[in-house]
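Engineer: here is the input, now give the coordinates:
(chains A and B)
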Protein chains: 2
Amino acid sequence: MASDSDASLLVAWQLKNKHVLVVGGGDVASGRIHHVLVAGAKITVVAPQDGLHPVTKWHIDTTPDRITYYDRVFTPADLDGKDFVLTAIDDADASRDIASRCRALKLPVNVADDPPSCDFFFGSQIRKGPLQILISTNGRGPKLANIIRRRIEESIPSHAGEAIERVGTLRERLKARAPGVGGEVGRRRMKWMADLCTAWEIEELASLTDEQMDRMLTEGWEKDVVLSPQDLGVQPAAHSDSE
Amino acid sequence: MASDSDASLLVAWQLKNKHVLVVGGGDVASGRIHHVLVAGAKITVVAPQDGLHPVTKWHIDTTPDRITYYDRVFTPADLDGKDFVLTAIDDADASRDIASRCRALKLPVNVADDPPSCDFFFGSQIRKGPLQILISTNGRGPKLANIIRRRIEESIPSHAGEAIERVGTLRERLKARAPGVGGEVGRRRMKWMADLCTAWEIEELASLTDEQMDRMLTEGWEKDVVLSPQDLGVQPAAHSDSE
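Structural biologist: I've put the predicted structure just below:
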């Protein structure tokens, strides 16, 4: 297969226990801080106070346990102990200097508005509970990614977030009942979960109660069948407000 | 803002000049190899020949310039000089051993079917030319991510890929005409591109010719206005097959 200069590897990073350096505190930096905070990272923000965007300032003030703020410009020692580096400053030479220092240290870096200096891009993002969607144009059309994002947003099934949360819980309980990673049991678990997700509507999965999960595991998994929503008396989420 | 155990940082990685280690050669490994190859990385595959999936074998045979294959199990020296590590083997203990070695070396690792060992997840992906979409459930519901992916796929505007390609070209030509990263000119460029993408339909952007781009830059950018598709005589892509 040929490579393609327009392709990236899209991944969802786990940032728990990671430490992210954000250089800059303006409008763009405030958006970066938002994404990184939601993902649970620790953050160091380095930016002179007079250039702080109100939202950046708000994040710094309201999240002192996870954001360390320095009222000054970047110094190379800021890179020590960091896992990711994001720069969003107006000085192109300073940005590129930071990017090349990161490269030397094998530290992944994103430089706002300078795709060639980036190890990774953010693209446009959607989040509905545990469902997250990244729309990337590989740095070619950020605004267009936003427009496409709005169309995609309308197509997301309602209750998709709840369905994912419920299916995730069922998967954990199944793993507790039939433990082990990989191998025969792993494959059987994967197939049973896949059959279930195919047979059920998203709205039905979203309204699965803990009691119904018990029956699903005891009467379904143990006998190697997938019970139907009707078997379990499940009401699709759209009609279940009064339950 | 509170962190959320269900959130990741979604990013699009540039893998040009990166070296990825894939441990395992089965069904799951073949999918990983596909994603990584498309993104332009070099790959080392380590897996005993008797467990190779036909697609993995096909990749190895047809991409000898970018895939180095070793017919054996993993050894720690395989991690030397790598940027990413992906494991997809049935042996849970071996997987976790590799994951902890990666952690010690600060090498990002994904372990198939073992979310707690992963630095990042793949989720479900869509690709249409330069448009790439990642649907992540943060490891909670891979099958559900697939179902949601199919619904999203139907909602993507036709010609979105071409529109992104054309807008990317326009952006590069604008940067050549009005160079500089960040600052006043960067902001003006960003606003002009955003205004254009908002005023035009995706189908119109998709059919923008090089000549129309010239006029757009000379008669539009230079006078700080955004010309309309009508101004330039653009035919939306859906009706332009005979052009």
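Engineer: excluding its backbone neighbours, what's nearest A:Glu201?
Structural biologist: A:Pro236 (6.4 Å; Cβ to Cβ, 6 or more residues apart in numbering or on different chains). (C-beta placed from N, C-alpha, C; glycine too.)
Engineer: quick one: the one you found from chain B, how far?
Structural biologist: 15 Å (Cβ to the nearest Cβ, to the nearest Å).
Engineer: next one: A:Ser117
Structural biologist: Applying Cβ to the nearest Cβ to A:Ser117 and chain B gives a distance of 9 Å.
Engineer: neighbours of that residue, how many?
Structural biologist: Using other Cβ atoms under 10 Å in any protein chain shown, A:Ser117 has 20 other residues around it.
Engineer: please apply the same query to A:Ile67.
Structural biologist: 22.
Engineer: and the pLDDT for the residue nearest to it when sequence neighbours are not counted?
Structural biologist: Closest residue to A:Ile67 apart from its sequence neighbours, by Cβ to Cβ, 6+ apart: A:Ile43 at 4.8 Å. The model reports A:Ile43 with a pLDDT of 98.
Engineer: starting at the chain centroid, how far to the helix or strand containing A:Ile43?
Structural biologist: Using DSSP states H and E, A:Ile43 sits in strand A:42-46. Strand A:42-46 has its C-alpha centroid displaced from the chain centroid by 19 Å (Cα atoms, centre = their mean, to the nearest Å).
Engineer: residue contacts, A:Asp195?
Structural biologist: A:Val226 (Cβ atoms under 8 Å, 6 or more residues apart in numbering or on different chains).
Engineer: got the buried residues for the helix or strand hosting it?
Structural biologist: Take DSSP H and E as the rule and A:Asp195 turns out to sit in helix A:183-199. Buried residues in helix A:183-199, counted by 16 or more other Cβ atoms under 10 Å in any protein chain shown: A:Gly186, A:Arg189, A:Trp192, A:Met193, A:Ala194, A:Leu196, A:Cys197.
Engineer: tell me the first helix or strand C-terminal of the one helix or strand A:Arg150 maps to.
Structural biologist: Using DSSP H and E, A:Arg150 sits in helix A:142-155. Proceeding N to C from helix A:142-155, the next assigned helix or strand is helix A:160-177, under DSSP H and E.
Engineer: which elements pack onto that next one?
Structural biologist: Packing partners of helix A:160-177 (3 or more Cβ pairs under 8 Å, 6 or more residues apart in numbering or on different chains; DSSP states H and E): strand A:131-136, helix A:183-199, helix A:202-206, helix A:210-215, helix B:142-155.
Engineer: so which of those comes closest to B:Thr218?
Structural biologist: Closest of the helices and strands packed on helix A:160-177 to B:Thr218 is strand A:131-136, at 30.7 Å (criterion: Cβ to Cβ).
Engineer: that closest one versus helix B:142-155: what angle between them?
Structural biologist: Relative orientation of strand A:131-136 and helix B:142-155, computed by axes from the mean of the first three to the mean of the last three Cα atoms, to 10 degrees: 50 degrees.
Engineer: need the residues that contact stretch A:148-162.
Structural biologist: By Cβ under 8 Å, 6+ apart, the list of residues contacting stretch A:148-162 reads A:124-126, A:128-131, A:133, A:135, A:163, A:202-203, A:206-207, A:237-238, B:131, B:133, B:144, B:148, B:151-152, B:154-157, B:160, B:202.
Engineer: quick one: end-to-end length of it, please.
Structural biologist: 24 Å (Cα to Cα, to the nearest Å).
Engineer: per-domain residue ranges of chain A.
Structural biologist: Split into domains by automatic domain parsing, chain A comes to A:19-118, A:124-149, A:160-239.
Engineer: and the end-to-end length of the shortest one?
Structural biologist: When the termini of domain A:124-149 are compared using Cα to Cα, they are 7 Å apart.
Engineer: need phi/psi at the residue sitting furthest away from the middle of chain A.
Structural biologist: Distance from the C-alpha centroid of chain A, by Cα atoms, centre = their mean, peaks at A:Lys223 (35.6 Å). The phi and psi values for A:Lys223, taken as degrees, to the nearest 10, are phi -100, psi 10.
Engineer: name the nearest residue to A:Met190, sequence neighbours excluded.
Structural biologist: Nearest non-adjacent residue to A:Met190 (Cβ to Cβ, 6+ apart): B:Asp113, at 7.3 Å.
Engineer: tally of neighbours for the one you found?
Structural biologist: 22.
Engineer: that one and A:Gly186 touch, don't they?
Structural biologist: Yes. The criterion here is Cβ atoms under 8 Å, and B:Asp113 meets it with A:Gly186 at 5.6 Å.
Engineer: which residues does the residue nearest to A:Ile67 contact?
Structural biologist: Residues in contact with A:Ile43 (Cβ under 8 Å, 6+ apart) are A:His19, A:Val20, A:Leu21, A:Val22, A:Ile33, A:Val36, A:Leu37, A:Arg66, A:Ile67, A:Thr68.
Engineer: closest one to chain B out of these, please.
Structural biologist: A:Leu37 (5.0 Å; Cβ to the nearest Cβ).
Engineer: doesn't that closest one lie inside a helix?
Structural biologist: Yes. Under DSSP: H, G, I helix; E, B strand; the rest coil, A:Leu37 sits within a helix.
Engineer: hang on, it packs against A:Ile60?
Structural biologist: No. Using Cβ under 8 Å, A:Leu37 is not in contact with A:Ile60, being 10.7 Å away.
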